[in-house]
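Novice: Quick one: sequence plus predicted model below, questions after.
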There are 2 protein chains.
Amino acid sequence: MNDASWNRLQRLSCHVPALGLAVDLSKTSLAADAFTVDPLVAGLFPAAFRAMEGLEAGAIANPDEGRRVGHYWLRAPERAPEPEITAEIARTLERIEAFASDVHAGRIAPPTQPRFRALLVVGIGGSALGPQLVADALGSVSDPLLPFFFDNTDPDGLARVLARIDEAAGLERTLTVVVSKSGGTKETRNGMLEAAAAYRAKGLDFPRHAVAVTQDGSELDRVAVSQGWLARFPMWDWVGGRTSELSAVGLLPAALQGIDVRALLEGARLCDEATRVPDVARNPAALLALAWYRETGGKGLKDMVVLPYKDRLLLFSRYLQQLVMESLGKERDLAGNVVHQGIAVYGNKGSTDQHAYVQQLRDGVANFFVTFVEVRRDREDGRESLAVEPGVTSGDYLLGFLLGTREALAQSGRSSVTLTIPDVSPRSVGALIALFERAVGLYASLVGINAYHQPGVEAGKKAAAAVLALQGALVAALEKAPGTFRTAAEWAAAAGAPERTETAFRILEHLAANPGRGVARTEGADPFSALYGGVSRSS
Amino acid sequence: MNDASWNRLQRLSCHVPALGLAVDLSKTSLAADAFTVDPLVAGLFPAAFRAMEGLEAGAIANPDEGRRVGHYWLRAPERAPEPEITAEIARTLERIEAFASDVHAGRIAPPTQPRFRALLVVGIGGSALGPQLVADALGSVSDPLLPFFFDNTDPDGLARVLARIDEAAGLERTLTVVVSKSGGTKETRNGMLEAAAAYRAKGLDFPRHAVAVTQDGSELDRVAVSQGWLARFPMWDWVGGRTSELSAVGLLPAALQGIDVRALLEGARLCDEATRVPDVARNPAALLALAWYRETGGKGLKDMVVLPYKDRLLLFSRYLQQLVMESLGKERDLAGNVVHQGIAVYGNKGSTDQHAYVQQLRDGVANFFVTFVEVRRDREDGRESLAVEPGVTSGDYLLGFLLGTREALAQSGRSSVTLTIPDVSPRSVGALIALFERAVGLYASLVGINAYHQPGVEAGKKAAAAVLALQGALVAALEKAPGTFRTAAEWAAAAGAPERTETAFRILEHLAANPGRGVARTEGADPFSALYGGVSRSS
């Protein structure tokens, strides 16, 4: 009997019994004895483990910004380097639980209603992706507060969310939590203003429905203080946005939704213990980092396709897009060399995605490896599943499709990692979050980059600010010459920006397409020769 | 005055005035005179246009399966090669509209209620992604029927959807549309059975809530006939799953939701007219195909990141994953050479995704090009937007972030395509669908592959069937020896599959983790030595 697959599974996987968690590299390109012979194991891993130990002890792990990186302390406050931090973490958790309990019991209630019934979280990026993942993975229709999100600056999208809130609970029974570390993120600021206006339009007192999660003294913090919001919870400079789910950013919305946040923290804490072990073969996060390195050449040569076979984990790949890509997608290494690192992440869920793109995964361009997530428990409601055939459930099919696709990809020489978790519980979700946080940290050490900054996002923000400044100049020029119709090129010149005609064109087209913006448009001989003119605005 | 960007925009973009649609390649790597000098324009494009013309005229465009490819006829029935097809398309559209109108008016109503209020669509892949895109892009809380989807075989996921339906409308007011071309897709069959069981559990008569969209004579068709379902609508063998949105697959759910399906069809028809033009410079689909070829080397060397700056288009990238990846992800070209083609697609929405992974896009691994979608109209409800600063709306920020990110990527040498549409209306969504359908068809011609088959999906299905067969053998072995506890390796041998111990292990772990499955588990010395034994099943 020669069962190579069983043999490889035993040699290339790692289990955490306390969590029912397993990471399996048997379907990757690694040799069966990789854990002992791969040069990375004795080469780069020891330093990666030491760097992580230093980080956990409070070393400056984000040198560019001179910041410590403390998300591991959130679930083991006693590990924080200073007793003040330990106390602050514990106190904040207690405040979150007390606040949620007061809201659930109606001790904290909206001015005109006995209880809050819906929760609107206003945030983007690290202030939304974790809360959205947890809300969808762990929520149910019987939650005490139904969660909604403003995660963009799309006025139509914001209006749709407000309409859904009206339908489900009414804004008068909605608590709004505004989450912004710096308090300066424009999408979140806009979402807050649009939410406040919606409350006002219904004659409701926004501050009595509002809570802030932000750094002490931020712009948002000052607004919350001056308007007398219901509560403020802290963000700390040692927690980065993409690793903030287990700070107040994620815990407050989760607790309000009725999710067991202590179990989330416990899952992360147990996973941290298992991934702190400085022995690759026994450390599931090290296994992931090793697989990522070998599958992508340590250079992001392949994409990571994330396929949880479980509807509740649909948003896991979106969460990982930020955690992995924003952490690893860097121009320079720590020595300043240009390296253009990163690993692209995408995926939704199985078996659904099989019907979308497994055709390409099996037959097409071999530019990826898959990360399957296998969940042992079929239903979170504890009920038995229907037999869709004698002795066979829908969940058996789900597992069958996972294993069948994994096998078919292996036959085509496509690698996959398989993660196993027992269920989609707060504990398991906390463990998944911690597992990937540490895998990212270890991998960043292996390839020698700073995983904790994001210098590349500033250029886009600056360019966006320049677009809005040009809009201001254009509108001023139009207002100075009411009734005068000119081309985009002429208005760009009038606004002092003749070299920015394309941007002026898109701005003018946008203003003319919307009511009340004071810009009229008449067709020209071609799409680039339309004429725009100022008209009186409705407001 | 030297405005290179304005000059490139005019030379490298294409407008369809009837649709307000524009495709802009000015931020790609193409030379400004590419439309006249690129060798593909005089080289491969003429044959691609001719192949498309033949396809539209009814040639066998899917040689492997001997099938015609007729999705373009759906929006211009007069172009179908036979009058019977023309008549069938028109008749089906009329039947869809009449059925939807009867449902809305309560002439077709559930047995115990005056009107249907919710719509459950059961389908996966091509039978779900289009309906989901359209439902989310064009729906609102005031739709006559609220849409829900079963798009997987996850029992927990199905239970969650049923709970949401109960909350929103009640199953007694829910119409279920089961969509399966062949009628043999297991996920959809399971979803249908789970839905039927849920109706039964509430004492409701499932057939009087059920509609089928399937091929005449399919397994699903036979079930619908024998049980006397409310209605059946046809799928045709000349419509592929991933191009079926404008057949009954997409039109029936959309019409039931209250969406103007004639406008969807009209948008697609107008886009077809604009993209039928055999002149690259004037054909927006040809522009896309040209950009894909040049950006990916005609080999899928780069991923396509799709970023609509509009919440309503969040699912567009998931829709495109199937359309693009299943069509283009092929092992062999038409001559039988091994080519491993394809283009990977991912993305969610801007500006949200900027806060997730624009860091990597700007600074990291340069393995992608972006497709921005710019939407001119800010709100679909016709209302004016709030000023978040004097003279500035949330929508101005949205455009600013799009243009700012596009500019920042261009500064880093990352290419982007920009699509512009006037709004998110049925007409614009129909146009987007048609635009990408034809771009995929043209690109497939350029690289010489069959875009209309999916030979790579069979292997996974076969392997999945083998997993279920092994499960059956294992359960039979356990039942023969009740109370006997053995390892996975021993049970695999007992089931006659000693070489499949890994699969047996995962099956046994899964069965033991769920109630009522008849399998108990005791810990072993290590995770691979647990013991499993048969116990009496609850049912």
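Specialist: Cool, the structure landed. Residues are numbered from 1 along each chain as shown, chains lettered A, B, ... in the order given.
Novice: do you know how far the residue nearest the centre of chain A is from residue B:313?
Specialist: With distances taken as C-alpha atoms, centre = their mean, the residue of chain A nearest its centroid is residue A:129 (2.9 Å). According to C-beta to C-beta, to the nearest Å, residue A:129 stands 19 Å off from residue B:313. All C-beta atoms are positioned from the backbone trio N, CA, C, and that covers glycine.
Novice: for the helix or strand in which residue A:104 is found, what is the average pLDDT?
Specialist: Using DSSP states H and E, residue A:104 sits within helix A:83-105. The average pLDDT within helix A:83-105 is 98.
Novice: So which bits of the lowest-mean-pLDDT helix or strand in chain A are buried?
Specialist: Every helix and strand of chain A was ranked by mean pLDDT, DSSP states H and E. The lowest is strand A:60-62, at a mean of 89. Residues A:61, A:62 are the ones in strand A:60-62 that count as buried (16 or more other C-beta atoms under 10 Å in any protein chain shown).
Novice: how far away is the closest residue to residue A:45 other than its chain neighbours from chain B?
Specialist: Computed as C-beta to C-beta, 6 or more residues apart in numbering or on different chains, the closest residue to residue A:45 that is not its neighbour in sequence is residue A:280, at 5.5 Å. To chain B, residue A:280 is 18 Å away according to C-beta to the nearest C-beta, to the nearest Å.
Novice: In contact with residue A:280, which residues are there?
Specialist: The contact partners of residue A:280, taken as C-beta atoms under 8 Å, 6 or more residues apart in numbering or on different chains, are A:35, A:40, A:41, A:45, A:286, A:287, A:290.
Novice: measure it to residue A:421 for me?
Specialist: Distance from residue A:280 to residue A:421, counting by C-beta to C-beta: 21 Å.
Novice: Test my guess that the residue nearest to the centre of chain A contacts residue A:318.
Specialist: Yes: the pair residue A:129 and residue A:318 qualifies as a contact (C-beta atoms under 8 Å) at a distance of 6.0 Å.
Novice: Now do the shared contacts for these two.
Specialist: residue B:356.
Novice: what mean pLDDT does stretch A:32-42 have?
Specialist: So the average pLDDT for stretch A:32-42 ends up being 97.
Novice: quick one, phi/psi of residue A:449?
Specialist: phi -120, psi 170 (degrees, to the nearest 10).
Novice: Name the nearest residue to residue A:399, sequence neighbours excluded.
Specialist: residue B:510 (5.2 Å).
Novice: Could you name the specific helix or strand carrying that neighbour?
Specialist: helix B:501-512.
Novice: Now do that helix: everything it contacts.
Specialist: Residues contacting helix B:501-512 (C-beta under 8 Å, 6+ apart): A:3, A:5-6, A:9, A:26, A:374, A:376, A:378, A:395-396, A:399, A:403, B:467, B:470-471, B:474-475, B:488-489, B:491-492, B:495, B:497, B:517-521, B:528, B:530, B:532.
Novice: what number of residues lie near the residue of the stretch 1-150 of chain A found nearest chain B?
Specialist: Chain B sits closest to residue A:125 of the stretch 1-150 of chain A, with a gap of 2.7 Å, by C-beta to the nearest C-beta. Neighbourhood size, residue A:125 [other C-beta atoms under 10 Å in any protein chain shown]: 29.
Novice: next one: residue A:386
Specialist: The tally of other residues near residue A:386 (other C-beta under 10 Å) stands at 20.
Novice: can you pull the contacts of it?
Specialist: A:393, A:394, B:155, B:193, B:194, B:197.
Novice: In helices only, show me these.
Specialist: Per DSSP state H, helices hold the following members of those: A:394, B:155, B:193, B:194, B:197.
Novice: Return a PyMOL selection command for the buried portion of those residues.
Specialist: Buried members of the ones in helices among the contacts of residue A:386, defined by 16+ other C-beta under 10 Å, are picked up in PyMOL with:
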select buried, (chain A and resi 394) or (chain B and resi 155+193+194)
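Novice: Adding distance to residue B:435 and pLDDT, write the ones in helices among the contacts of residue A:386 out as CSV.
Specialist: Putting the ones in helices among the contacts of residue A:386 into CSV (distance: C-beta to C-beta, whole Å; pLDDT from 0 to 100) gives the following:
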residue, distance to residue B:435, pLDDT
A:394, 36, 98
B:155, 38, 98
B:193, 38, 98
B:194, 36, 98
B:197, 41, 98
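Novice: quick one: which of the ones in helices among the contacts of residue A:386 is nearest residue A:90?
Specialist: residue B:155 (39.1 Å; C-beta to C-beta).
Novice: Check for me that residue A:306 belongs to a helix.
Specialist: No: assignment of residue A:306 by DSSP: H, G, I helix; E, B strand; the rest coil gives strand, placing it outside any helix.
Novice: how many other residues sit next to it?
Specialist: So residue A:306, with other C-beta under 10 Å, has 27 neighbours.
Novice: What of residue A:533?
Specialist: Residue A:533 has 19 nearby residues by other C-beta under 10 Å.
Novice: Backbone dihedrals for it, please?
Specialist: phi -150, psi 160.
Novice: got a list of what the nearest residue to it once chain neighbours are set aside touches?
Specialist: In this structure, residue A:533 finds its nearest non-sequential neighbour in residue A:485, 3.9 Å apart by C-beta to C-beta, 6+ apart. Taking C-beta under 8 Å, 6+ apart as the criterion, residue A:485 is in contact with A:520, A:522, A:531, A:532, A:533.
Novice: Now for the residues you listed, which sits with the most neighbours around it?
Specialist: Comparing these on neighbour count, residue A:532 comes out first with 25 neighbours (neighbours: other C-beta under 10 Å).
Novice: Helix, strand, or coil at that residue?
Specialist: Using three-state DSSP, the structure places residue A:532 in strand.
Novice: thinking it is in contact with residue A:517, fair?
Specialist: No: applying C-beta under 8 Å, one finds residue A:532 not in contact with residue A:517, separated by 10.8 Å.
Novice: Residue A:178 looks like it's in a strand, true?
Specialist: Yes: counting by three-state DSSP, residue A:178 is found in a strand.
Novice: Give the bridge partners for it, please.
Specialist: Following DSSP bridges, residue A:178 is listed with bridge partners residue A:122, residue A:212.
Novice: So it is in contact with residue A:206, correct?
Specialist: No: the criterion here is C-beta under 8 Å, and residue A:178 misses it with residue A:206 at 10.4 Å.
Novice: closest point of the stretch 351-500 of chain A to chain B, which residue?
Specialist: Residue nearest to chain B within the stretch 351-500 of chain A: residue A:360 (2.2 Å; C-beta to the nearest C-beta).
Novice: Leaving out sequence neighbours, find the closest residue to that residue.
Specialist: That would be residue B:329: by C-beta to C-beta, 6+ apart, it lies 2.2 Å from residue A:360.
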